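Novice: just to be clear, the model below is a prediction. Sequence and coordinates:
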Amino acid sequence: MTAVDRVHPDRVRALRAGDVGTGPVVCWLRRDQRVRDNWALLYAQDLALASAQPLAVAFCLVPEFLGATRRTFAFMLAGLRQVARDLQALGIPFLLVRGDPGREIPRLVARAGAGCLVTDFNPLRPSRAWEDAVAARVRVPVRQVDAHNVVPAWRASGKEEYAARTIRPKLQRLLPTFLGEFPRLRRHPYPWPADPPPADWSLAAPAAGPAIAWCDPGEAAARAALARFLSTRIAAYDTARNDPTVAGQSDLSPYLHFGQLAPQRVALDAARSPADAGRDAFLEELIVRRELADNFCHYNHDYDRFEGLPAWGRRTLEDHADDPREHVYDVGELAAAATHDPLWNAAQTELVARGKMHGYLRMYWAKKILEWTRDPGEALDAAIALNDRYSLDGRDPSGYAGCAWSIGGLHDRPWSERPVFGKIRFMNLAGCRRKFRVDRYVERMARLGDPEVSA
Ligand SMILES: Cc1cc2nc3c(=O)[nH]c(=O)nc-3n(C[C@H](O)[C@H](O)[C@H](O)COP(=O)(O)OP(=O)(O)OC[C@H]3O[C@@H](n4cnc5c(N)ncnc54)[C@H](O)[C@@H]3O)c2cc1C
């Protein structure tokens, strides 16, 4: 087994073909912002070891990303500072550059005289555009490693899948191949030729919502949160996760979104829990639902647009586009939690105040936006804008898939027809009351205070 065999070859694909040249290896991290359990970093180290070359990690900080606000950037930067410290201890410099990745990464590659560029995988359009720009400008091979999905997105399926039921057997067949223990990143024996320039960690993104206090950023906190969930809550997950008045979910999504925790680490550790309905339900969400969302964004480039919804969903919504709406709100009123519905307002308050809305309520929240906006395209835009702006885990394939599921029937089936929704699955307050103590949730969110809200 050569060094490069540590990473399964199907996890890697070429964005720019060619043989690895002489010179250091640069690993450009984007979505998977961690040192441990990172297939992209392991692969980059293997290349560097095989050619006896230094290795550096680069990150390009952009001034704006899909509406992310100051607290979101602060969470990410705190995690990246830990990454920089942990890498330094392993003899790997962390190079923070700022600006347009399509220009800054090629410059960095040229300055370093690199022999190869390795990057991770993110199916979202801005990330693809950066990859294309970088691959067009550099003169060295560019290799991409899916370090986020347990089964690499391009290997799980070659097409956009219809539903969980169509991707599940494909993933299950491939899990024995890909769900293995991670090797450790080693101390890198070939030093970087010069001291890296000091990083500029300042941030200027606009603020919205109070700072996040309940979720500490970074790899160490992520692993501690995982351990807490596995030791106390996973057994009851299948029932408790749908009750917003109890702590039934894992709360891992901010860590998974920023790659501070590998989904594969979560899956490996969860798989060691006693086999029960809680564990099975959790693994279904973590692997099947999450990787289905990546599949959607990987193969459907209109993942955040009305045109990206399934044909039956678009048709039925268009058939009902002129139905009268009992209430109509604009995005400002929605952001301010100023609707007639106390449950919806409470969910929006949770989103703004905590930067994370309970998973069950996300469905209700998005479906009511469909009911209360002038047309379904506007509803999808509003749900995505609010989710991306206020949610720590927003700007993520699971968010685009979640909004498209709630509003446009993605990965779902037609239900009985009704006004505005057409054949899209309906949810109402009475259904929520049957599931959990709505009044208790509303009271709790009222106590979260009066968060500063700005659209
Ligand atoms: C309208 C709407 C918007 C959503 N926006 C986002 C978003 O921006 N970012 C995000 O990560 N998830 C989003 N989801 C999916 C899901 O609600 C969240 O992943 C989950 O609530 C996160 O909390 P948790 O980590 O405590 O989840 P847990 O219930 O503990 O689940 C563990 C992990 O499994 C994955 N997962 C769980 N449910 C889903 C799902 N339905 N689809 C895909 N993956 C899932 C997530 O990675 C999650 O962190 C959205 C769902 C809807 C309906």
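Specialist: Received the coordinates, thanks.

Novice: buried ones in the longest helix seen in the chain, by neighbour count?
Specialist: Determined from DSSP state H, the single longest helix within the chain is helix 70-89. Residues of helix 70-89 classed as buried: 71-84, 86-87 (neighbour count, 16 or more other C-beta atoms under 10 Å). All C-beta atoms are positioned from the backbone trio N, CA, C, and that covers glycine.

Novice: whether it contacts the ligand - can you check?
Specialist: No - legend: contact between helix 70-89 and the ligand by C-beta under 6 Å from any ligand atom is lacking; minimum distance shown is 11.2 Å.

Novice: pull the longest strand from the chain.
Specialist: For the chain, the strand with the greatest residue count under DSSP state E is strand 55-61.

Novice: pull the residues that contact that one.
Specialist: Identification of contacts with strand 55-61 by C-beta atoms under 8 Å, 6 or more residues apart in numbering yields 24-30, 33, 41, 44-45, 48, 77, 80, 83, 87, 92-101, 104-105, 108, 112, 130, 188, 190, 192, 196.

Novice: mean confidence score for that strand?
Specialist: Mean pLDDT, strand 55-61: 97.

Novice: any idea how far residue 272 is from the ligand?
Specialist: Look at residue 272 and the ligand: by C-beta to the nearest ligand atom, to the nearest Å, they are 16 Å apart.

Novice: ignore the last one, residue 266
Specialist: With distances taken as C-beta to the nearest ligand atom, residue 266 is found 8 Å from the ligand.

Novice: please apply the same query to residue 167.
Specialist: Counting by C-beta to the nearest ligand atom, the gap from residue 167 to the ligand is 12 Å.

Novice: any idea which element that residue lies in?
Specialist: Element membership for residue 167 (DSSP states H and E) is helix 164-178.

Novice: what angle do helix 70-89 and the helix or strand following that helix make with each other?
Specialist: Sequence-wise, the next helix or strand downstream of helix 164-178 (DSSP H and E) is helix 219-232. Interaxial angle of helix 219-232 relative to helix 70-89 (axes from the mean of the first three to the mean of the last three C-alpha atoms, to 10 degrees): 100 degrees.

Novice: quick one: average pLDDT of helix 219-232?
Specialist: So the average pLDDT for helix 219-232 ends up being 97.

Novice: so after that helix, what's the next helix or strand?
Specialist: Next helix or strand after helix 219-232 toward the C-terminus (DSSP H and E): helix 237-240.

Novice: phi, psi of the residue located most distally from the centre of the chain?
Specialist: Each residue of the chain has a distance to the centre, and by C-alpha atoms, centre = their mean the biggest one is for residue 324: 35.6 Å. When read as degrees, to the nearest 10, the backbone of residue 324 gives phi -70, psi 140.

Novice: residue contacts, it?
Specialist: Contacts for residue 324 were tallied using C-beta under 8 Å, 6+ apart; they are residue 419.

Novice: residue 407 versus that one, what's the distance?
Specialist: Using C-beta to C-beta, to the nearest Å, residue 324 is found at 19 Å from residue 407.

Novice: could you do residue 131 as well?
Specialist: Noted for residue 131: a distance of 29 Å to residue 407, by C-beta to C-beta.

Novice: and these two? Which one has more around it.
Specialist: Taking other C-beta atoms under 10 Å, residue 131 and residue 407 do not tie; residue 407 has more neighbours (28 against 22).

Novice: buried ones from the contacts of strand 55-61, can you make that a PyMOL selection?
Specialist: Remark: buried members of the contacts of strand 55-61, expressed as a PyMOL selection using 16+ other C-beta under 10 Å:
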select buried, resi 24+25+26+27+28+29+30+33+41+44+45+48+77+80+83+87+92+93+94+95+96+97+101+104+105+108+112+130+188+192
